[in-house]
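**Student:** Turn this into a model:
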Amino acid sequence: MLWNGCLSFKKYLALKSSKFGIKTFELCDSKTGYVPLLGQGRMLWMDNYYNPPILARILKINYHTDCVGTLRLNQKMMKEKKLKKGEVFGEHSGPISVLKWIYKKIQPSKDDSCHRH
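**Tutor:** Next up, the predicted model:
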């Protein structure tokens with residue numbers, strides 16, 4: 001996973017096009033390929049391909065699993081709000097928070113971990 005910031009655990013990945021990043025590992029069962037971790041208060045980090053806001057709501061409410069990740073700008077919940085560099089816009093609906101900010105380009109993000117009940 002590409003990372004440009006400062007981290008003590010950042011790795012050099014010689015075979016990747018992005019040479020420096022975070023090396024991730026997957027926890028899975030050898031027979032089924034899955035591990036039953038839902039409902040244990042875990043946090044799930046997702047990229048924008050697997051991360052619709054409705055999935056975050058279902059995981060939070062039904063399975064007590066938090067989600068953090070980026071969103072695609074064409075998601076139905078994303079408002080067309082024009083921002084200037086350095087501005088932040090946020091909304092929340094129930095346990096889901098959606099933030100949008102401009103650093104160098106638009107960065108949409110979703111986080112439901114802040115709303116633990």
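**Student:** count of neighbours near residue 100?
**Tutor:** Close neighbours of residue 100, defined as other CB atoms under 10 Å, add up to 20. Yep, even glycine has a C-beta here, placed from its N, CA and C like the rest.
**Student:** Who is it paired with across the strands?
**Tutor:** Residue 100 has these beta-bridge partners by DSSP bridges: residue 89, residue 108.
**Student:** per-residue confidence for it?
**Tutor:** The per-residue pLDDT reported for residue 100 equals 76.
**Student:** now the one 10 residues further on
**Tutor:** You'll see residue 110 listed with a pLDDT of 56.
**Student:** what about stretch 40-47, start to end distance?
**Tutor:** 21 Å (CA to CA, to the nearest Å).
**Student:** Poorly predicted segments of this protein, please.
**Tutor:** Applying pLDDT under 70 to the chain picks out residues 1-13, 16-20, 23, 75-79, 104-117.
**Student:** mind giving me the domain split of it?
**Tutor:** For the chain, automatic domain parsing gives the domain ranges 1-36, 42-111.
**Student:** In the chain, what residue spans correspond to strands?
**Tutor:** 11-12, 20-21, 43-46, 66-70, 88-93, 96-102, 106-111 (DSSP state E).
**Student:** In stretch 54-61, which of the residues would be classed as buried?
**Tutor:** Neighbour counts over stretch 54-61 (16 or more other CB atoms under 10 Å) mark 56-57, 59-60 as buried.
**Student:** And for stretch 45-52?
**Tutor:** In stretch 45-52, counting by 16+ other CB under 10 Å, buried: 46, 51-52.
**Student:** Could you dump those residues into a markdown table with distance to residue 101 added?
**Tutor:** As requested, the buried residues of stretch 45-52 are exported to a markdown table (distance: CB to CB, whole Å):
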| residue | distance to residue 101 |
| --- | --- |
| 46 | 19 |
| 51 | 17 |
| 52 | 20 |
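**Student:** can you give me the helices in this structure?
**Tutor:** Secondary structure of the chain by DSSP state H: the helices cover 53-63.
**Student:** residues contacting residue 90?
**Tutor:** 97-100 (CB atoms under 8 Å, 6 or more residues apart in numbering).
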